[in-house]
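K.L.:
pasting the sequence and the predicted coordinates here, then a few questions.
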Amino acid sequence: MLMHRFTKREKVIIVILAIALVVGFYFMVIHYPVKTRLEEIELEKQQVDDETTVALAVAAQYKNMKTELEEIFALPEDEITVMPEYDNKQTLIHYFNSVFADTAPDLRFSGVKTEGSIASRTIGFNFTSPDYASAKDILRKLTGTGFRCLMQSVSLSPAEGSVEDDELRISGNIIFYELIG
């Protein structure tokens, strides 16, 4: 019984089964795992490329910020401004008293607007100055507080005559920025 002779048909079927087993073994053990691993490697490569792009963008932003800081610290000390802690209103009022010492200003503090960790305080002002040079000096002091600010608008109008020689009415708005927290 062990010496059974296979017919030609049985030999063909056994060879076909052997070939099918070898092909199946190849696909199950070699082809699909390699294909899956190649797809995983491609995904990992894309993730690394994305991370590299983000890192390059962050590095570029860092370099720009560093350059800006170097430019700021290269400025003369009297031109560097700071953003004070919120609520800086009393300090501003005290400063305005020294700026407007010889005039009777009309100051209007509007509500504080917050955006993220930045608070902005708009202050409207009206005052009368005896001449253009005095008005220019007051406006320079107003914006030269050392605090971060933006002169939003300013208008000069002579009481009568010319801007350079006569009394001036000055009005405008200035925004002061403060850091929350």
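P.N.:
Ah, there it is. Residues are numbered from 1 along each chain as shown.

K.L.:
quick one: the helices in this protein?
P.N.:
Secondary structure of the chain (DSSP state H): helices located at 8-26, 32-74, 89-99, 132-143.

K.L.:
could you identify which of the ones you listed is most buried?
P.N.:
Greatest average neighbour count among those goes to helix 132-143 (a mean of 16), per mean count of other C-beta atoms under 10 Å. Backbone N, C-alpha and C define where each C-beta goes, glycine included.

K.L.:
just the CA atoms of it, as CSV, please.
P.N.:
The C-alpha atoms that make up helix 132-143 are tabulated as CSV, following Å, rounded to 0.1, in the frame of the first residue of the first chain:
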residue,chain,number,x,y,z
TYR,A,132,2.0,124.7,17.3
ALA,A,133,5.3,124.0,19.0
SER,A,134,3.5,123.4,22.4
ALA,A,135,0.9,121.1,20.7
LYS,A,136,3.7,119.1,19.0
ASP,A,137,5.5,118.8,22.3
ILE,A,138,2.4,117.6,24.1
LEU,A,139,1.6,115.0,21.4
ARG,A,140,5.2,113.8,21.5
LYS,A,141,4.9,113.3,25.3
LEU,A,142,1.5,111.7,24.9
THR,A,143,2.9,109.0,22.5
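
K.L.:
that one vs helix 89-99, what angle?
P.N.:
160 degrees (axes from the mean of the first three to the mean of the last three C-alpha atoms, to 10 degrees).
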